[in-house]
Each structure stands twice: as structure tokens, then as C-alpha cells.
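> this one's sequence-less:
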């Protein structure tokens with residue numbers, strides 16, 4: 001019954017036109033902010049999904065590394081067989097990584113050089129992100145290097161057209177630094193370029209990939225010595241469970257991390273940014289709610305005689321308050337639903353027609369990505385409902401406390 005009264009009050013002509021104007025302004029404000037809520041969060045979801053997909057091309061589902069203070073881990077063939085037998089493990093790859101100085105003539109570029117085996121292509125998506133040349137790592141005696149796009153640019157070459165080899169300087173395993181002659185402490189080798197990968201700037205500007213046997217020879221490491229073991233699973237959602245199983249096999253001398261744990265700071269920052277956006281838009285919604293408070297207050301003054309008549313007919317304060325609470329929720333509901341419909345249409349059009357492009361042309365895509373998430377809709381509807389209820393409570397309470405005065 002209270003919503004029936006609220007609907008009649010919403011449609012009825014008011015004696016003061018300002019009441020209608022304020023009601024429509026409050027609805028438009030809520031509609032606009034709801035639209036902004038959906039669109040901004042969807043764009044953020046799109047970028048978040050894109051960044052995570054890019055990082056997933058380089059970081060494995062599960063990573064085994066040495067504890068702090070150690071540069072390498074010893075993993076015997078028997079332990080590798082145990083790793084392969086763990087449920088949900090589909091591939092694993094041994095990796096040797098070391099800071100390296102690449103020289104192209106007089107140009108010097110420091111990189112993190114990763115020596116990988118043949119299984120690395122199945123563990124990560126680097127081989128699927130080659131933009132020039134081909135993915136090839138060569139052999140121990142004839143190493144081929146695959147460069148990150150940023151590293152390639154810093155070296156001022158094109159990997160698939162480079163006629164001259166690069167020179168790689170790597171600190172010798174176990175060698176002490178000789179300040180008088182640094183060349184005595186490093187091993188040098190020429191490497192030919194094979195291709196270039198493009199994943200994400202932080203990765204492309206830092207990493208290069210080559211053959212694991214070459215890195216083992218340069219660093220004088222044992223056959224069962226690695227910098228890390230990277231593991232691919234059949235289902236990433238089981239990474240935490242698989243990680244615990246692997247930890248039991250290897251013991252506490254190894255660090256086992258899921259993809260989330262490898263990039264904890266990245267995931268934390270993205271979550272914090274999303275909640276910051278939500279907080280800012282919620283503040284905007286609260287400001288818009290003051291318009292609703294003003295409109296409902298004026299409506300209460302408009303309907304004083306109706307309130308008194310209802311009370312005379314037996315309506316209690318609770319019913320009167322529910323009527324005007326319903327009026328506020330009705331205004332907010334119409335605005336929120338209209339905003340959601342417009343936002344869904346806009347997001348669909350953005351995906352279909354790429355309405356708003358990304359400027360600069362330096363990103364992997366040329367338009368703002370959007371991703372609609374059901375949880376965002378529920379969160380926004382809940383937020384609008386709470387704000388609308390709070391904004392409506394004060395005018396409705398005032399209406400409920402109106403005394404019965406049928407005669408002036």
C-alpha cells in the first residue's frame with residue numbers, strides 16, 4: 001500500500017512546480033552517477049583483466065625459488081619426477097636467471113637474462129607474444145637470444161634484421177669481484193638475436209630469454225642447479241592447493257608461490273584503486289542525495305493535509321513514514337535502473353564500435369576495454385539503496401510526526 005501511495009504522489013501534479021523540478025533533478029543525478037559507476041568500474045575491470053592476462057603470459061601458475069640469501073636451488077631428477085606426478089601439474093620448466101650486460105657496439109643495456117628449456121613454451125605464453133622474428137633459444141654453443149621489446153629498442157636494433165651478434169657479459173659463478181679489472185670476473189659470449197616479444201612494459205624493458213645450457217655453462221652451475229622452477233597447471237584456481245603439495249615434497253628450504261603471491265603488490269594496488277574509485281563515486285552519490293532530501297521535504301509540506309487525513313482514518317506513524325520512504329526509494333530506483341540500462345548500452349557499444357579510442361597508439365589495444373561484472377551491479381544497487389534510504393529517512397520521519405490538525 002505504501003508504494004501505491006508513493007506512486008500516486010510521484011505522478012500527481014504538485015501545487016508548486018519546483019517540487020517536480022527537484023524530483024526530476026534528483027532522479028537525473030542518481031541516473032548519471034549510476035551510469036558513471038557502471039562505466040568507470042567496467043573500464044577498470046577491462047584494464048584489470050588485460051593487465052592480468054599480460055602478466056599471466058610471463059608469470060607461471062606456481063613458482064619455486066630459493067630462500068632469501070640464496071641464488072640457486074638444487075632439484076634432483078627424482079624431485080622433478082615427484083613434481084610431475086603432483087595432481088593438476090601439466091608442465092614444468094627449469095630456469096636459470098642472471099643479471100647480464102648486453103652490448104651492441106658502444107650501446108650497453110643491463111637485462112635479466114633467463115636461460116630456459118624446451119618446456120618453457122608450455123609453461124608461459126612468451127612464445128605466443130613474438131612480434132618480430134621467431135621464438136628460438138639455440139644451443140649451449142650457439143645461443144640465440146629473444147629480446148623484450150623495450151630491451152630491443154634500447155639496443156637500437158631489430159632482432160629479425162640484426163646482422164651483427166650482441167655481446168653478453170655475465171658474472172662468473174663463484175667469482176669474486178676484482179675492482180681493478182672487472183673483465184676478470186665476467187664471462188663474455190657473442191649471441192645472435194632471434195626475435196622480440198611484447199607483453200608488458202615492466203617485462204619488456206627488463207627481460208631477455210636464451211638457452212638454459214648456455215647459462216649453466218657461463219655460470220658454471222651443476223646439472224641439477226636452477227634459479228627457479230616454473231610450473232603450469234591444468235586449473236589455476238587450484239594453485240594454492242598444488243603449492244602446498246609441492247612444499248611438502250621439497251621442504252622448507254624452497255619458496256613456493258602462486259601467481260597472486262608473485263605479483264601481490266600489483267594485485268593489491270589494483271584492488272585499492274578500484275575501492276578508491278568506488279569511494280569517490282559514492283561521495284558524489286551522497287551529494288546528489290541532498291537534492292532528494294530537499295525534494296522530499298517540500299513534498300511533505302505539500303502533503304500535510306493528506307497526512308492529517310490519513311492519520312484521522314487510522315494510519316499510524318509507521319505507515320506515514322513508509323509512504324515517504326517508498327517515495328524516496330522510488331525516485332532512486334527509477335534513476336538507478338535508468339542509469340544501469342544506459343550504461344549497459346554504452347558498454348556494449350564501446351565493445352562493438354570502439355567509440356572512445358586510446359590516444360597515443362602505444363598500447364596493445366586502441367580503445368578503452370570494458371568488462372561488465374555482476375558483482376558490480378549488486379554493489380551499486382546496494383549502495384544506491386542505502387544512500388536513498390538514509391536520505392529519505394529524515395523527511396519521512398518529519399512526515400510521520402505531523403500532528404493531526406484538520407481545522408486551522
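Thanks, I have it. Note that the structure is predicted; figures quoted are calculated from it, not measured. Numbers count the residues shown, from 1 in each chain.
> for residue 204, what are its contacts?
By Cβ atoms under 8 Å, 6 or more residues apart in numbering, residue 204 lies in contact with 148-151, 197-198. Any C-beta I mention is one placed from the backbone N, CA and C, and that applies to glycine too.
> Most neighbours among the residues you listed, which one?
residue 197 (28 neighbours; other Cβ atoms under 10 Å).
> thinking again about what came up before, out of the contacts of residue 204, which sit inside helices?
149-151 (DSSP state H).
> just for this protein, where's the confidence low?
1, 6, 13-16, 173-183, 360-364, 405-408 (pLDDT under 70).
> tell me the domain boundaries of it?
2-55+266-400, 60-261 (automatic domain parsing).
> Start and end of the longest one, how far apart?
What it means is domain 60-261. In domain 60-261, first residue to last residue: 11 Å (Cα to Cα, to the nearest Å).
> again, but for the first one
Across its full length, domain 2-55+266-400 reaches 13 Å between end residues, using Cα to Cα.
> now that domain: how far from the chain's centre is it?
25 Å (Cα atoms, centre = their mean, to the nearest Å).
> rewinding a little: out of the ones in helices among the contacts of residue 204, the closest to residue 280 would be?
For the ones in helices among the contacts of residue 204, the residue nearest residue 280 by Cβ to Cβ is residue 150; the value is 32.9 Å.
> The closest one and residue 300, how far apart?
The gap separating residue 150 from residue 300 is 64 Å, by Cβ to Cβ, to the nearest Å.
> List the contacts of the nearest residue to residue 159 once chain neighbours are set aside.
Sequence neighbours aside, residue 193 is the residue nearest to residue 159 in space, at 4.0 Å (criterion: Cβ to Cβ, 6 or more residues apart in numbering). With contact set as Cβ under 8 Å, 6+ apart, residue 193 has these partners: 133, 144-147, 152, 157, 159-160, 162, 165-166.
> redo that, cut-off 6 Å
Taking Cβ atoms under 6 Å, 6 or more residues apart in numbering, we find residue 193 in contact with 145, 159, 162.
> Quick check: phi and psi at residue 188.
Dihedral pair for residue 188: phi -120, psi 140, per degrees, to the nearest 10.
> again with residue 200
Torsion angles, degrees, to the nearest 10, at residue 200: phi -160, psi 150.
> Touching, it and residue 54? I think so.
Yes: applying Cβ atoms under 6 Å as the test, residue 200 and residue 54 come out as touching, 4.3 Å apart.
> Would you mind finding the longest strand in the protein?
In the chain, assigned by DSSP state E, the strand with the most residues is strand 89-104.
> all helices for the protein, in order.
Using DSSP H, helices in the chain cover 2-11, 17-56, 77-85, 120-123, 149-155, 201-204, 212-219, 239-250, 259-262, 264-302, 304-312, 317-353, 374-400.
> List just the one of these that sits closest to residue 93.
helix 120-123 (4.4 Å).
> Summarise which helices and strands that closest one is packed against.
Secondary-structure packing of helix 120-123 (3 or more Cβ pairs under 6 Å, 6 or more residues apart in numbering; DSSP states H and E): strand 89-104.
> which helices and strands sit right next to the strand it packs on?
In terms of contacts (3+ Cβ pairs under 6 Å, 6+ apart), strand 89-104 is packed against strand 107-116, helix 120-123, strand 166-171, helix 212-219, strand 228-233.
> export these to CSV and tack on mean neighbour count and distance to residue 344?
As requested, these are exported to CSV (neighbours: other Cβ atoms under 10 Å; distance: least, Cβ to Cβ, whole Å):
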stretch, mean neighbour count, distance to residue 344
strand 107-116, 20, 44
helix 120-123, 19, 38
strand 166-171, 20, 51
helix 212-219, 22, 49
strand 228-233, 23, 35
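> quick one, which of the ones you listed is nearest to residue 327?
Across those, closest to residue 327 is strand 228-233 (Cβ to Cβ), at 54.2 Å.
> The closest one versus strand 89-104: what angle between them?
140 degrees (axes from the mean of the first three to the mean of the last three Cα atoms, to 10 degrees).
> Make CSV out of the helices of the chain and add distance to residue 113.
Formatted as CSV, those follow (distance: least, Cβ to Cβ, whole Å):
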stretch, distance to residue 113
helix 2-11, 69
helix 17-56, 20
helix 77-85, 23
helix 120-123, 14
helix 149-155, 10
helix 201-204, 13
helix 212-219, 7
helix 239-250, 25
helix 259-262, 19
helix 264-302, 23
helix 304-312, 79
helix 317-353, 39
helix 374-400, 42
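> Out of those helices, the one nearest residue 99 is which?
So among the helices of the chain, helix 212-219 is nearest, using Cβ to Cβ, at 11.2 Å.
> From the chain's centroid, how far away is the closest one?
36 Å.
> What is the end-to-end distance of stretch 254-264?
19 Å.
> What are the buried residues along that stretch?
254-259, 262-263 (16 or more other Cβ atoms under 10 Å).
> Likewise for stretch 152-161?
Under the neighbour-count criterion of 16+ other Cβ under 10 Å, stretch 152-161 has 152, 154-155, 157, 159 buried.
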